[in-house]
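> quick one, fold the following:
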Amino acid sequence: MITLQQWRALVAVVDAGSYSRAAERVNKTQSSVTYAVQQIESRLGVKAFQISGRKAKLTPVGELLVRRARALLDEAGAIERSARRLSAGWEPEIGLAAEIVFPRWLVFRSLARFADESPHTHIEVIESVLGGTQEALVQRQVDLAIAGMVPPGFLGEPLLRLRFVLVAHPEHALHRLGRELTLQDLRAHRQLVVRESGTRRATRTWIEAAQRWTVSHMATSLEAVRAGYGYAWFPEEMIRAELGAGVLKALPMREGRERYAQLYLVYADRDAAGPGVLRLAEMLRETVRSECVSRGEASG
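Down below sits the predicted model:
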């Protein structure tokens, strides 16, 4: 039987690029790492590596073994994490990534309810944007996420549907045109955009305005638009007060004056989720249903 330690040694050789570096990575002697790989090859009757100089290069069979080994080690890690959480009761810490367009008051209300039941659980909230939310899930930086899309390999459930409105200050030059606006009109003026929070930060926009200010948070974008420095899309829920007070005004687009976005509730690892993560997810769903159904915003 091939052990997890032997599979770890195999993966370490690939990641480190040599037996000697792999030994340092797994805190073993080089001979023990070499022996572990040899045991795998012997038991399966295959060659995982070809030695080229001082480097070990994977054979085609070795590439398949490494892919399977990584999946096996990921699964073993998930089982270990789940076991630790179950033995400890409710988790001491839970990570939640939430798209910044998700209403913050819904987050706070859910967390306040959760704190009544588990006052000693520390909650870390990552306010993320697009790719940053997916990255937090994929890299297991969080246990739960409210995301604009479900990354490949994950399952999510619809949580909330948001209406976005394109707005500017009432005295902005676009409003002074006094007519319905086209995409060409928008391109001639400054657009405010919120940067993705992931490491790639591949911020995209379909307007392609002549001027664009890219900021890191929606609150910054809102402040700039309120001051008359440009126009931007915002969730209607976020700017309800500004629209009511006349501080912001929806741009009179000929078409496309509003957009909709679906948000999903996604587990980083549903099978390994502890009781605290499961309860927090339940509270988020309940809060959205109870607070937003009357407005026609909730999903699922």
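> what ranges of the stretch 51-200 of the chain fall below the confidence cut-off?
53-56, 81-89, 197-200 (pLDDT under 70).
> please redo it, this time with the cut-off set to 50
Along the stretch 51-200 of the chain, the model assigns pLDDT under 50 to no residue.
> any chance you could map the helices in it?
For the stretch 51-200 of the chain, the helices defined by DSSP state H, counting those that start in this stretch occupy 60-88, 104-117, 131-138, 173-176, 183-187.
> what distance separates the fourth one from the centre of its chain?
For helix 173-176, the gap between its own C-alpha mean and the chain's C-alpha mean amounts to 37 Å (C-alpha atoms, centre = their mean, to the nearest Å).
> show residues contacting it.
With contacts defined as C-beta atoms under 8 Å, 6 or more residues apart in numbering, helix 173-176 is touched by 168-169, 181, 185-186, 189, 231, 249, 251-252. All C-beta atoms are positioned from the backbone trio N, CA, C, and that covers glycine.
> how about the helices of the stretch 51-200 of the chain, which one is nearest residue 264?
With C-beta to C-beta as the criterion, residue 264 lies closest to helix 131-138 of those, at 9.8 Å.
> what helices and strands are in contact with the closest one?
With contacts defined as 3 or more C-beta pairs under 8 Å, 6 or more residues apart in numbering; DSSP states H and E, helix 131-138 has these neighbours: strand 93-99, strand 122-128, strand 144-147.
> who does the residue nearest to residue 231 when sequence neighbours are not counted bridge with?
Nearest residue to residue 231, sequence neighbours excluded (C-beta to C-beta, 6 or more residues apart in numbering): residue 168, at 3.9 Å. Under DSSP bridges, the beta-bridge partners of residue 168 are residue 249.
> what is the burial count for residue 168?
25 (other C-beta atoms under 10 Å).
> what's the spacing between it and residue 5?
In this view, residue 168 and residue 5 are 61 Å apart by C-beta to C-beta, to the nearest Å.
> and residue 273, by the same measure?
Using C-beta to C-beta, we find residue 273 at a distance of 27 Å from residue 5.
> so between these two, which is more surrounded?
More crowded of residue 273 and residue 5, by other C-beta under 10 Å: residue 273, with 22 against 13.
> what ranges do the strands span in the stretch 151-300 of the chain?
156-168, 190-194, 211-215, 232-235, 249-250, 258-267 (DSSP state E, counting those that start in this stretch).
> just give the number of residues close to residue 178.
Under the neighbour criterion other C-beta under 10 Å, residue 178 is assigned a count of 6.
> ok so, going back, residue 279 is nearest to which of the helices and strands packed on helix 131-138?
strand 93-99 (9.5 Å).
> buried stuff in the closest one?
By neighbour count with 16 or more other C-beta atoms under 10 Å, strand 93-99 contains the buried residues 94-99.
> could those go into JSON lines alongside distance to residue 226?
Shown next, in JSON lines, are those (distance: C-beta to C-beta, whole Å):
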{"residue": "94", "distance to residue 226": "34"}
{"residue": "95", "distance to residue 226": "32"}
{"residue": "96", "distance to residue 226": "28"}
{"residue": "97", "distance to residue 226": "27"}
{"residue": "98", "distance to residue 226": "23"}
{"residue": "99", "distance to residue 226": "22"}
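> so which of the residues you listed comes closest to residue 36?
Distances from residue 36 to those, taken by C-beta to C-beta, are shortest for residue 95, at 33.5 Å.
> show me what contacts the closest residue to the closest one other than its chain neighbours?
With sequence-adjacent residues excluded and distances taken as C-beta to C-beta, 6+ apart, residue 95 is closest to residue 142, at 3.6 Å. Neighbouring residues of residue 142 by C-beta under 8 Å, 6+ apart: 95-97, 124, 126, 136, 268.
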